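Peer 1: I'll drop the sequence and a predicted model, then ask my questions.
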Amino acid sequence: MEPVSPRANRSGLLSHQQTGARYESIARRHLEQAGLTFVAANVRYRVGEIDLVMREEARWVFVEVRYRRSGEFGGAPASVTWRKQRKLLRAAALWLASRNASFETTDCRFDVVAITGDRLEWLPDAFNADV
């Protein structure tokens, strides 16, 4: 895990959306430094939302960013439930379909960037379309 800047969320000063945007920005920078290329953020469909869409060479990488102040209830990784995974999978299927592609025809993976307190954990290939 990697530490996150102590200037992170100061309770009560940021709205839920501002907090989410801040941690998505932190996650994006981390992934770009690791060699991924940013494509889009906050892609919304009726069935769900994709926080970040990245590329790793020819592979699409769909990223769920989760933040929790503490690990008291399992931390950020535990908050990516099967329901959340299903929503992300549905949104990713629509993203691919809009590009005349599908899970069967395109190389892609689903990553989670989990930030618990001041610790960042990148979980590549956290789940797949077989969920």
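Peer 2: Nice, thanks for sending it over.
Peer 1: buried residues in stretch 32-46?
Peer 2: Within stretch 32-46, the residues that count as buried by 16 or more other C-beta atoms under 10 Å are 36, 41, 43. For the C-beta atoms, the positions are set from N, CA and C on the backbone; glycine is no exception.
Peer 1: Dump those residues to a markdown table, plus secondary structure and distance to A76.
Peer 2: Converted to a markdown table, the buried residues of stretch 32-46 look like this (DSSP: H, G, I helix; E, B strand; the rest coil; distance: C-beta to C-beta, whole Å):
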| residue | secondary structure | distance to A76 |
| --- | --- | --- |
| L36 | coil | 19 |
| A41 | strand | 18 |
| V43 | strand | 20 |
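Peer 1: any idea which of these is the one closest to A58?
Peer 2: L36 (12.4 Å; C-beta to C-beta).
Peer 1: what number of residues lie near I115?
Peer 2: 28 (other C-beta atoms under 10 Å).
Peer 1: Ok, A27 next?
Peer 2: 27.
Peer 1: Number the chain from 582, please
Peer 2: Sure, I'll start numbering at 582, so the last one becomes A608.
Peer 1: Show the contacting residues for the nearest residue to it once chain neighbours are set aside.
Peer 2: Spatial nearest neighbour of A608, excluding adjacent residues (C-beta to C-beta, 6 or more residues apart in numbering): V694 at 3.8 Å. For V694, the contacting residues are 608, 611-612, 633, 644-647, 701-704, by C-beta atoms under 8 Å, 6 or more residues apart in numbering.
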